[in-house]
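Visitor: how would this look folded up:
(one chain, ligands or ions: 2)
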Amino acid sequence: MKRKPIKKHIIGDIIQFNSTIGQQQHLLVFFYYFSTYLSSLPLVPFHLNTSIIMPKIYEGNSVPISNAELATLIDAYPKPASLTEYSYGTAGFRYEASLLPCVFVRMGIFSALRSASLGGEEVGVMITASHNPEPDNGMKLADSHGGMLDADWEAHAVSLANAPTSKQTLVLMDTLIQHAKGHHPTKDGKLPKMVVHVGRDTRSHSPQLAALVIRAARAMGATVIDHGLVSTPMLHHFVMHANGHLLPNIIPQRCNESGYYEIMALSYAALLRTGGNRERLSTTSKLVIDGACGIGALKIEKFGQIFAMLQAEGSTKGLPLLHTVNYPGDGPLNDSCGAEYVQKQQLPPKLFKASGVSKKYMTSFDGDADRVVFHYEDESGKFHLLDGDKIAVLVTAFIQEEIRCIDPEEQAVKCGVVQTAYANGSSTLYLKNVVKTNVVIAKTGVKFVHAAAHHNFDVGVYFEANGHGTVLFGPKFYDFVAAAGARLRGTHRHDRANIALRRLRALPALVNQSVGDAMSDMLLVDAILFLKGWDLSTWAKLYNDMPSKQAKVKVADRTVISTNDNETAATAPVSLQTALQSAMDAMALQEGGNGPKPRCFVRPSGTEDAVRVYAEANSQRGADTLASEAMMLVHKLCGGVGSPPKSFLANSL
Ligand SMILES: CC(=O)N[C@H]1[C@@H](OP(=O)(O)O)O[C@H](CO)[C@@H](O)[C@@H]1O
Ligand SMILES: [Mg+2]
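Guide: Numbering: from 1, shown residues only. Ligands and ions are numbered 1, 2, ... in the order given. This next block holds a predicted model:
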């Protein structure tokens, strides 16, 4: 994908706040003011005691270490004999932690060279295995726009990770060095400046792996900014904001942890204030956050502190109380809790060390806090899940409604949603038929859905069913907002178009523009529910999900399975798709042609050593049957490991 710098738009910041972030560890001082457009608040100083850790900056060394010393470093961390080849999965390198030191040294070198190849733009390395179990780790690489590493550069990363010897690693490095020097020549013939941001999740092995990346990037002469414990989207946000020239100026630049909270909390508050004197429903007054025993639980606390200040200061009505459960150490990471467990198992999270928690309004994050799903227990004790598809529907309907208030013909900007094959069929139908928006299906993985949203739409909403997603605003959206701002100047603030404009203006700062972000998405959803006067049950009833089932099958080599472009059908092994199609046809017959056609597909996971199976039918029994059959077919035709999988129906007989 070609890098397109975002055009700057001078439309006046929606939120202009001068922030003086103290260098002391325990003092964060907010001095901010909202533009008169949003509110007539005077300058309000806030003093917040926090435990925000300032990043540790290792200044770049103008004299990098010699090739001989680099070779020694590379040789000290050889490729494990048990592994034939490292592959770059759905979201980067991801393996059992003990297999990773080799990759981490080489990716430290690689990230420095990636920064050089961009003429000194800053890039990032996030150490995490996201929703995987604690023993796994991995890395996500952030390019200078804050998004995932450029697809062309993935191949360089893989070659470097797999170079058999330090000598061959140095040869590959030299190609990248020449690339950087060729594209960005410097007067002294040296490499351009290099800056690498590093962040890590709460896994026990993340500090050692972080130390390796830092050491290798510094060996190249790069400046390293070590943010310590942060969520994945925070790291991506820092990188995007560090390269401020790529940001539209509707978004205030804040390249640190305090700035991250500041931007989101204040734009969220600005959005709430467009609700006038609206009161919060009692069912949404307290939001319980399942932190998956990971990083999100630690970070969400800062929002609670800012909300308490906003509450005390009295400018913003309707702030919810945040109650976090499942902190690091309360239980095993991502185990029986968190977004992955809740969404895949369709079960409520286990609440470690928390009792008497209200289950009316809950969210679950994943282990690196880039996914969020909502859920609740109704009066009869039944669990209801509101996944990424439901979020996509809520958010798209809201944004389109606001746009229509200004532009009823919807001529100015093209809105749409990107989903994957895992999107529930009911959500796709609802988006097309009721929300009346455009839907594109892309391959699984943020790098694909993000690219598709960017490519196809001016306002591109993407959410994977598992809750990873965001909304991307393109140049035409900013032009639209600027033109509307000029046209509506002087209109009353309670005029519907004026309200819509203020809402739309607040969004690009609230919604993380680099990647999906559990905290940002949670605040966005909460604000929309508040403005609509809805609770989770109203939202859940927009449409009924098709019953579905997801499962995993272990095979000896999952690369024997390949799929078509949007992953809805297997292309190898040849017999597999025919057998899956027969199973779907049989289920359709059994269901007597009622409702949408049953669907099932399989694909190799890009983050786990397993083949994923998805099935959807008009009854839960149908979905379970289809999933069981697909699992057995994968096991039989694709080299299943161990005994054949048991049918899901066995439990219910
Ligand atoms: C079905 C599913 O949830 N797949 C997830 C999972 O990828 P797999 O390649 O399916 O393992 O992890 C990815 C990274 O978080 C995420 O983007 C993707 O949606
Ligand atoms: Mg994640």
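Visitor: Tell me, how many residues neighbour P80?
Guide: Using other CB atoms under 10 Å, P80 has 14 neighbouring residues. (C-beta placed from N, C-alpha, C; glycine too.)
Visitor: next one: the one 5 residues further on
Guide: A total of 8 residues lie near E85 under the criterion other CB under 10 Å.
Visitor: what does K646 give?
Guide: So K646, with other CB under 10 Å, has 11 neighbours.
Visitor: got a list of what the closest residue to it other than its chain neighbours touches?
Guide: In this structure, K646 finds its nearest non-sequential neighbour in S628, 7.9 Å apart by CB to CB, 6 or more residues apart in numbering. Taking CB atoms under 8 Å, 6 or more residues apart in numbering, we find S628 in contact with 645-649.
Visitor: Looks to me like S628 is in a strand.
Guide: No: S628 is assigned helix when assessed by DSSP: H, G, I helix; E, B strand; the rest coil, not a strand.
Visitor: pLDDT score assigned to it?
Guide: As predicted, S628 sits at a pLDDT of 97.
Visitor: For ligand 2, see how far away it is.
Guide: 28 Å (CB to the ion, to the nearest Å).
Visitor: Around ligand 2, pick out the residues from this protein.
Guide: Within the chain, the positions near ligand 2 by CB under 5 Å from the ion are 130, 366, 368, 370.
Visitor: buried subset of the residues you listed?
Guide: If you count burial by 16 or more other CB atoms under 10 Å, the buried members of those come out as 130, 366, 368, 370.
Visitor: Quickly name whichever of those is closest to V342.
Guide: D366 (9.4 Å; CB to CB).
Visitor: That closest one reaches H131, doesn't it?
Guide: Yes: with contact defined as CB atoms under 8 Å, D366 reaches H131; the gap is 4.3 Å.
Visitor: Confirm that A482 lies within a helix, as I assumed.
Guide: Yes: assessed by three-state DSSP, A482 belongs to a helix.
Visitor: Burial check on it, number of neighbours?
Guide: 16.
Visitor: Same check on Q550?
Guide: Counted with other CB under 10 Å, Q550 comes out at 18.
Visitor: sec struct for it, please.
Guide: strand.
Visitor: Hmm, it is touching R612, no?
Guide: Yes: using CB under 8 Å, Q550 makes contact with R612 at a distance of 6.9 Å.
Visitor: pLDDT, distance to I403 and secondary structure added to the residues of the chain next to ligand 2, as TSV?
Guide: Converted to TSV, the residues of the chain next to ligand 2 look like this (pLDDT from 0 to 100; distance: CB to CB, whole Å; DSSP: H, G, I helix; E, B strand; the rest coil):
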residue	pLDDT	distance to I403	secondary structure
S130	97	33	coil
D366	98	31	coil
D368	98	32	coil
D370	98	27	coil
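Visitor: Within reach of ligand 1, which of the residues you listed are there?
Guide: Subset of the residues of the chain next to ligand 2 in contact with ligand 1: S130, counting by CB under 6 Å from any ligand atom.
Visitor: which regions of the protein sit below the pLDDT cut-off?
Guide: 1-53, 651-653 (pLDDT under 70).
Visitor: Which strand residues bridge V196?
Guide: Note on V196: beta-bridge partners by DSSP bridges are V123, V224.
Visitor: Now do the same contact list for it.
Guide: By CB under 8 Å, 6+ apart, V196 lies in contact with 108, 111-112, 115, 122-125, 213, 217, 222-225.
Visitor: go on, T437?
Guide: Counting by CB under 8 Å, 6+ apart, T437 touches 396, 400, 415-417, 431.
Visitor: ok, so what distance separates it from ligand 2?
Guide: Distance of T437 to ligand 2, given as CB to the ion: 26 Å.
Visitor: Same question for stretch 93-101: list its buried residues.
Guide: So, applying 16+ other CB under 10 Å, buried residues of stretch 93-101: 93-97, 99-101.
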